[in-house]
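Q: sequence unavailable; structure follows:
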């Protein structure tokens, strides 16, 4: 919508979605569509399950007094989603650095697989004891490397 | 709506509202009205400011390792509120016991003062160190006794 | 917590839960627990799926220009739930009248099946064209009669 | 935090904040801080009031069957905010094109004026009758040109 990029430009991810969610009234707004802030919840649901499946559940970071707060995020809204839609949340890792990790997202709608939004979240590794950024732990690095999503030229 | 009680049966509270809020898209749902869960946020806004004004801010409880979690709440939805409405949150204390306190709420709409919802929250005093219910502290009892709201026969 | 009623007093429902949800950070608050307002979202998730399974999806009401807004709800918070908990949402119908229906809820935690909250929502049948309460349609009455949940003496 | 940019690099905006908000439990998460998604609500509160003050309230767009949905947004999280903090929301216009408008945001904390987050939202003008993007109306252009915020080199 913003720049003539159609959903068709985004190849569907190869694997299964990390989460499959039904849109509730709680997720919508009086514009009759999913509230723009709700997608951060959907991203969280997908990211949480993707990391659990990859063997690095976020609770394991907490056990090590580590946390992965967002330091940046962005979303591009491509087409609206509606009450009772089923949304598929795809998550991939686009960058893994010493102290931070970046995840990419595609939210698609069943059954036509149309792209609703794309987005990105950047997380720092925080040592909760020290209260500062630290290196991602060795045990997590493999799991944090989720298969990359196909990239749109503009995303 | 549910039982023939009109707003007229509810006398307006005597004093100023504890909070005055503008309805955002974030508060609404695809039914075109304020989402039913949003009123708990509005109650929290009113309760927080009412207790601050009464000299017992909730942060002071936290300083004493105390917390006032909800153990029960109820809401009666009387008429819908809409995007961009201005809502007035009135709060009063309906019961103060040794270990718990009950607040009543009226949410009214400017400028006609129509009653949108009425509700109630019951809070226990929790000792966070001990992890159990405890007596409300002597320093808080006076402040927790907010002026009562006028009661509807059915509320 | 509020009155000495233990979870043991609540028999587990006979059937499957209507929904099974993982608690996200989005559902929690700085008290370290699930935010008290989040349970209305969990109730909505359970109610939506229970009615779909019973053959009366809420979208079918919308197709008939009908809506089932809440006119009342209450929740009793019995024990806190935490980040990453898995919650089971059980829903039953406690009363079906000509123009309104009442659902009861139990939210239990895996794997110990402890009762986290119990609650109730009362819905009116609204004719969106006329803008007023109307009789529940004949096609919906059977589906709206979900099996009752076991009742606690105090709930 | 993410790139060594300190808050000091961001000059405070010249005028008054568009909104001044108290952080509620409803805005926080179990990490003990404001939930990352809550800032979109704070942005909405600031944007709504800034446009009202500028003489182009969003309800006026609705009266003309126009809507300004987000087509893109991004947030940089610079330092956490906490329960009961007072946040100041500053909003400026960074770009005004024929069919879209971009707003920039700074969220600062009282009383030290520290920058908590910065962000941006891009909105398209949608004709709700036609269901497609259209030119921003002539009556709105002046009001949509809010004074620009001081820019950080990296934002």
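A: Now that the structure is in, tell me what you want to look at. All figures in this text were calculated on a predicted structure; none of them were measured in a lab. Numbering: from 1, shown residues only, chains lettered A, B, ... in the order given.
Q: interface residues of chain A facing chain C?
A: Within chain A, the positions adjacent to chain C are A:22, A:24-26, A:40-41, A:44-45, A:48-49, A:57-59, A:83-84 by Cβ under 8 Å from any Cβ of the partner chain. (Glycine included, C-beta is placed from N, CA and C.)
Q: and the helix ranked longest in chain A, what's buried?
A: What stands out as the longest helix in chain A, according to DSSP state H, is helix A:38-53. Buried residues in helix A:38-53, counted by 16 or more other Cβ atoms under 10 Å in any protein chain shown: A:38-52.
Q: what of stretch A:104-120?
A: Across stretch A:104-120, burial judged by 16+ other Cβ under 10 Å covers A:104-109, A:114-120.
Q: just these: which are in strands?
A: Using DSSP state E, A:104-109, A:114-120 are the members of the buried residues of stretch A:104-120 that sit in strands.
Q: against chain B, how distant is the residue of chain A most remote from its centre?
A: Within chain A, the residue lying farthest from the chain centre (Cα atoms, centre = their mean) is residue A:130, at 27.4 Å. In this view, residue A:130 and chain B are 24 Å apart by Cβ to the nearest Cβ, to the nearest Å.
Q: next: residue A:31.
A: Taken as Cβ to the nearest Cβ, the span from residue A:31 to chain B is 6 Å.
Q: where in chain A is pLDDT low?
A: Per-residue confidence for chain A (pLDDT under 70) gives these ranges: A:1-9, A:152-155.
Q: near chain B, which residues of it?
A: Contacts of chain A with chain B, taken as Cβ under 8 Å from any Cβ, map to A:25, A:26, A:28, A:29, A:30, A:31, A:32, A:33, A:35, A:37, A:82, A:83.
Q: strands of chain A, start to end?
A: A:19-22, A:66-67, A:70-77, A:86-96, A:100-109, A:114-124, A:126-127, A:132-133.
Q: within reach of chain D, which of the residues of chain A next to chain C are there?
A: A:40, A:41.
Q: still on that earlier bit, for the residues of chain A next to chain B, give me CSV that also has neighbour count.
A: CSV is the format used below for the residues of chain A next to chain B (neighbours: other Cβ atoms under 10 Å in any protein chain shown):
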residue, neighbour count
A:25, 21
A:26, 22
A:28, 26
A:29, 24
A:30, 23
A:31, 20
A:32, 16
A:33, 23
A:35, 26
A:37, 24
A:82, 13
A:83, 20
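Q: out of those, who's nearest residue C:124?
A: In terms of Cβ to Cβ, no member of those lies closer to residue C:124 than residue A:25, at 15.5 Å.
Q: can you name the residues that contact the residue nearest to that closest one when sequence neighbours are not counted?
A: Excluding its sequence neighbours, the residue lying closest to residue A:25 (Cβ to Cβ, 6 or more residues apart in numbering or on different chains) is residue B:29, at 4.3 Å. By Cβ atoms under 8 Å, 6 or more residues apart in numbering or on different chains, the contact set of residue B:29 is A:25, A:26, A:28, A:29, A:30, B:35.
Q: give me phi/psi at residue B:29?
A: For residue B:29, the backbone dihedrals (degrees, to the nearest 10) come out as phi -140, psi 180.
Q: how near is it to residue D:39?
A: Per Cβ to Cβ, to the nearest Å, residue B:29 is found 21 Å from residue D:39.
Q: from what I can see residue A:70 touches residue D:77, true?
A: Yes - with contacts counted by Cβ atoms under 8 Å, residue A:70 reaches residue D:77, the gap being 5.5 Å.
Q: what's near enough to touch the closest residue to residue A:82 other than its chain neighbours?
A: Leaving aside its sequence neighbours, residue A:82 sits nearest to residue A:33 (Cβ to Cβ, 6+ apart; 6.1 Å). Each residue near residue A:33 by Cβ under 8 Å, 6+ apart is listed here: A:80, A:81, A:82, B:30, D:69.
Q: any chance of the residues you listed in TSV, with distance to residue A:89 too?
A: Putting those into TSV (distance: Cβ to Cβ, whole Å) gives the following:
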residue	distance to residue A:89
A:80	17
A:81	12
A:82	17
B:30	20
D:69	21
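Q: out of those, the closest to residue B:63 would be?
A: Among those, and counting by Cβ to Cβ, the member closest to residue B:63 is residue B:30, at 41.8 Å.
Q: contacting residues around the closest one?
A: Residue B:30 makes contact with A:25, A:28, A:29, A:30, A:32, A:33, A:82, A:83, according to Cβ under 8 Å, 6+ apart.
Q: same thing with residue A:90?
A: For residue A:90, the contacting residues are A:13, A:15, A:17, A:18, A:46, A:105, A:106, A:107, A:108, A:149, by Cβ under 8 Å, 6+ apart.
Q: and the two most separated of those residues?
A: It's A:15 and A:107 that sit farthest apart of the contacts of residue A:90, by Cβ to Cβ, at 15.3 Å.
Q: what about residue A:45, distance to residue D:24?
A: Taking Cβ to Cβ as the measure, residue A:45 falls 23 Å from residue D:24.
Q: now do residue A:120
A: Counting by Cβ to Cβ - residue A:120 and residue D:24 are separated by 28 Å.
Q: now do residue A:68
A: Distance from residue A:68 to residue D:24, by Cβ to Cβ: 24 Å.
Q: quick check on those two: which one has the bigger neighbour count.
A: Using other Cβ atoms under 10 Å in any protein chain shown as the criterion, residue A:68 and residue D:24 rank with residue A:68 on top: 23 against 20.
Q: quick one, phi/psi of that one?
A: phi -120, psi 70.
Q: relative to residue B:66, how far out is the closest residue to it other than its chain neighbours?
A: If the residues on either side of it in the chain are set aside, residue A:68 comes closest to residue A:123, at 4.2 Å by Cβ to Cβ, 6+ apart. Counting by Cβ to Cβ, the separation of residue A:123 from residue B:66 is 34 Å.
Q: more neighbours, those two?
A: Shown here are residue A:123 and residue B:66; by other Cβ under 10 Å, residue A:123 has more neighbours (22 against 18).
Q: surely that one touches residue A:100?
A: Yes - if you go by Cβ under 8 Å, residue A:123 and residue A:100 touch, sitting 6.2 Å apart.
Q: wait, residue A:31 sits on residue B:25?
A: Yes - with contact defined as Cβ under 8 Å, residue A:31 counts as touching residue B:25 (6.4 Å).
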